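# Kindly return the folded structure for what I paste below:
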Amino acid sequence: MTPPPEAPPPLSPSPAAPPPLAPEGKIVFVSSRGYGGGLLGGLAGAHAECNSMASSAGLSGSFKAWLSTSATGPASFMTHSSIPYVRVDGEIIANNWADLTDGSLSNPIQVTETGDPTSKSIILTGRATVAGLPTSHTCGSDDCTCGSWTRSSNTGEMTGVGSANAVNAAWTDYSTVNICHTGNGGYPIYCFEQ
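Model prediction:
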């Protein structure tokens with residue numbers, strides 16, 4: 001007599017599908033804090049602020065501020081990424097450095113390090129060119145960068161700004177306004193993961 005066939009092992013439940021992953025890339029955000037032109041002592045202070053905000057928001061990596069001085073621009077001191085630049089919410093800004101600096105973004109950089117929309121669209125940049133070079137504009141008697149981000153003033157001193165809502169070259173090179181002082185709670189900066 002043939003023994004009955006063994007029963008198949010019970011089926012285990014199917015594992016749940018993993019949650020969708022944000023695109024891999026270098027994080028870009030608008031600072032949730034505002035600054036006057038003095039900006040804590042120049043580019044080094046601006047980079048330190050970007051890293052402080054990123055750390056507070058739980059973002060890893062090293063960050064630098066997208067700011068021009070009269071002598072240098074982001075193209076000189078930032079890593080030229082070969083992978084996408086993405087906002088905290090996962091939206092792609094640009095596919096790589098070449099795409100970031102070609103004058104057209106995929107999405108505006110209007111999200112802070114916490115993923116919230118920025119409350120201010122005017123961003124301190126010194127009017128760095130879209131290629132990340134120092135500005136070619138003049139701002140009256142100043143260099144468009146509040147003395148390379150070391151001088152706060154209420155005397156009408158001008159600086160260059162970008163627009164967080166723009167997807168063309170105006171994201172970095174938008175206008176020139178009187179914001180070297182710290183009025184209105186200051187103005188944000190762009191921070192880029194390196």
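
# alpha carbons only for contacts and neighbour counts from here, please
Fine.

# which one's the longest helix in this protein?
In the chain, assigned by DSSP state H, the helix with the most residues is helix 43-56.

# in that one, what's buried?
43, 45-51, 53-54 (16 or more other CA atoms under 10 Å).

# Also stretch 170-186?
So, applying 16+ other CA under 10 Å, buried residues of stretch 170-186: 170-182, 186.

# returning to what we had before: out of the buried residues of helix 43-56, which is nearest to residue 165?
residue 50 (19.8 Å; CA to CA).

# got the contact list for that closest one?
For residue 50, the contacting residues are 31, 63-65, 191, by CA atoms under 8 Å, 6 or more residues apart in numbering.

# Ok, residue 151 next?
With CA under 8 Å, 6+ apart, residue 151 has these contacts: 37-39, 180.

# can you redo these as JSON lines with secondary structure and distance to residue 95?
Formatted as JSON lines, these follow (DSSP: H, G, I helix; E, B strand; the rest coil; distance: CA to CA, whole Å):
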{"residue": "37", "secondary structure": "coil", "distance to residue 95": "31"}
{"residue": "38", "secondary structure": "coil", "distance to residue 95": "33"}
{"residue": "39", "secondary structure": "coil", "distance to residue 95": "30"}
{"residue": "180", "secondary structure": "coil", "distance to residue 95": "33"}
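
# and of those, the nearest to residue 157?
Nearest to residue 157 among those, with distances taken as CA to CA, is residue 180, at 6.0 Å.

# excluding its backbone neighbours, what's nearest the closest one?
Among residues not flanking residue 180 along the chain, residue 37 sits closest, at 4.0 Å (CA to CA, 6 or more residues apart in numbering).

# The one you found touches residue 149, doesn't it?
Yes. Counting by CA atoms under 8 Å, residue 37 does reach residue 149; the two are 5.2 Å apart.

# can you pull out the helices in this structure?
43-56, 74-77, 97-100, 146-149.

# Of these, which is nearest residue 157?
helix 146-149 (7.3 Å).

# Other residues contacting that closest one?
Applying CA under 8 Å, 6+ apart, the contact partners of helix 146-149 are 37-43, 68-70, 152, 157-159, 180.

# And stretch 65-73, by the same measure?
Stretch 65-73 has contacts (CA under 8 Å, 6+ apart) with 43, 46-47, 50, 74, 124-128, 132-135, 143-145, 147-149, 189-192.

# Give me the lowest-pLDDT entry from the buried residues of stretch 170-186.
Within the buried residues of stretch 170-186, residue 182 has the lowest pLDDT, namely 63.

# Not counting its neighbours along the chain, what's nearest residue 192?
Nearest to residue 192 is residue 28, by CA to CA, 6+ apart, at 4.6 Å.
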